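Undergrad: my questions are about this predicted structure, shown below with the sequence.
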Amino acid sequence: MPGQVYPIHAHAADDLRFIREAMARATEFTAVPGWGGVMMGASAVVTAMIAGRPDGTLRWVLVWLADAAIASAIAAVTIVLKARRCGVPLSAGGPARRFALAFAPPMAAGMALTPVFVAAGLITRLPGCWLLLYGTAVATGGAFSVRIVPVMGLCFMALGIVAFVAPLAWGNWMMAAGFGGLHVIFGVLIARRYGG
């Protein structure tokens, strides 16, 4: 109605809600690619079939490292595509940078520990190492992303712990379940809830 007066606290509450929502959007890295995760998962399932069970050979390690390179390329391309489509800046000072800075140290630890495990004859223990550290990277990076991303990281971490205590012959199944299954499941959830 014309001339109707609204209490000041109603305007203030609306303004605060708007500010909170804007700040949340500004601090979350929302360009995590759901369909990219599905593609990464599909790649890992194929890799698990090619690699076979961890047999202590360098061949097994190289097959999975090749998949890691493929998955990294898929992630990079799909992040850029989703960021462009959604208008999310990948600038050096925004949420993308914070996500990357939190994601990188556990990944670097995994890269450093891989040759150590190989040299020590612990190739069959790499599934636990890789799943645990990748999960840590996703969980820590996910602290700057949408809520489902750190949950995915925790699932990877749990699977990594299971891989350490499971029979060695299960290592490839653990890799397929994590890098394949978890990527596909969470990729579909992210795509549906957060737009691709």
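TA: The structure has been received and is ready for your questions.
Undergrad: find the centremost residue of the chain, please.
TA: V138 (4.2 Å; CA atoms, centre = their mean).
Undergrad: name all residues that make contact with that one.
TA: Applying CB atoms under 8 Å, 6 or more residues apart in numbering to V138 gives the contacts F103, V149, P150, M152, G153, F156. Any C-beta I mention is one placed from the backbone N, CA and C, and that applies to glycine too.
Undergrad: how much space between the last one and V138?
TA: Distance of F156 to V138, computed by CB to CB, to the nearest Å: 6 Å.
Undergrad: and for the fifth one?
TA: Counting by CB to CB, the separation of G153 from V138 is 3 Å.
Undergrad: show the model's pLDDT score for P7.
TA: pLDDT recorded at P7 is 63.
Undergrad: ok, the one 4 residues further on next?
TA: The predicted structure scores H11 at 56 on the pLDDT scale.
Undergrad: what stretches of this structure score poorly on pLDDT?
TA: Applying pLDDT under 70 to the chain flags the ranges 1-31, 88-93.
Undergrad: let me see the ranges of the helices in it.
TA: Under the criterion DSSP state H, helices of the chain are mapped to 8-27, 34-51, 58-86, 95-119, 126-142, 148-165, 171-175, 183-194.
Undergrad: buried stuff in the fourth one?
TA: The reference is to helix 95-119. By neighbour count on 16 or more other CB atoms under 10 Å, the buried set for helix 95-119 is 95-96, 98-100, 102-103, 106-107, 110, 113-114, 117.
Undergrad: may I see those residues arranged in a markdown table, with distance to I70 as well?
TA: Below are those laid out as a markdown table (distance: CB to CB, whole Å):
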| residue | distance to I70 |
| --- | --- |
| P95 | 26 |
| A96 | 22 |
| R98 | 26 |
| F99 | 21 |
| A100 | 20 |
| A102 | 23 |
| F103 | 18 |
| P106 | 20 |
| M107 | 16 |
| G110 | 16 |
| L113 | 21 |
| T114 | 17 |
| F117 | 21 |
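Undergrad: tell me which two of those sit farthest apart.
TA: Using CB to CB, these reach their maximum pairwise distance at P95 and F117, which is 33.1 Å.
Undergrad: using CSV, write down the CA coordinates of stretch 169-188.
TA: Extracted C-alpha coordinates of stretch 169-188, given in CSV (Å, rounded to 0.1, in the frame of the first residue of the first chain):
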residue,chain,number,x,y,z
ALA,A,169,44.8,-58.2,-3.7
TRP,A,170,41.9,-55.8,-3.2
GLY,A,171,44.0,-52.7,-4.1
ASN,A,172,42.8,-52.4,-7.7
TRP,A,173,39.2,-52.8,-6.5
MET,A,174,39.7,-50.0,-4.0
MET,A,175,41.2,-47.8,-6.8
ALA,A,176,38.2,-48.5,-9.0
ALA,A,177,35.8,-47.9,-6.1
GLY,A,178,37.4,-44.6,-5.2
PHE,A,179,38.8,-43.0,-8.4
GLY,A,180,36.0,-44.6,-10.4
GLY,A,181,32.9,-45.0,-8.3
LEU,A,182,33.2,-42.0,-5.9
HIS,A,183,34.0,-39.7,-8.8
VAL,A,184,31.0,-40.9,-10.8
ILE,A,185,28.6,-40.7,-7.8
PHE,A,186,29.7,-37.3,-6.6
GLY,A,187,30.1,-36.1,-10.1
VAL,A,188,26.5,-36.8,-10.9
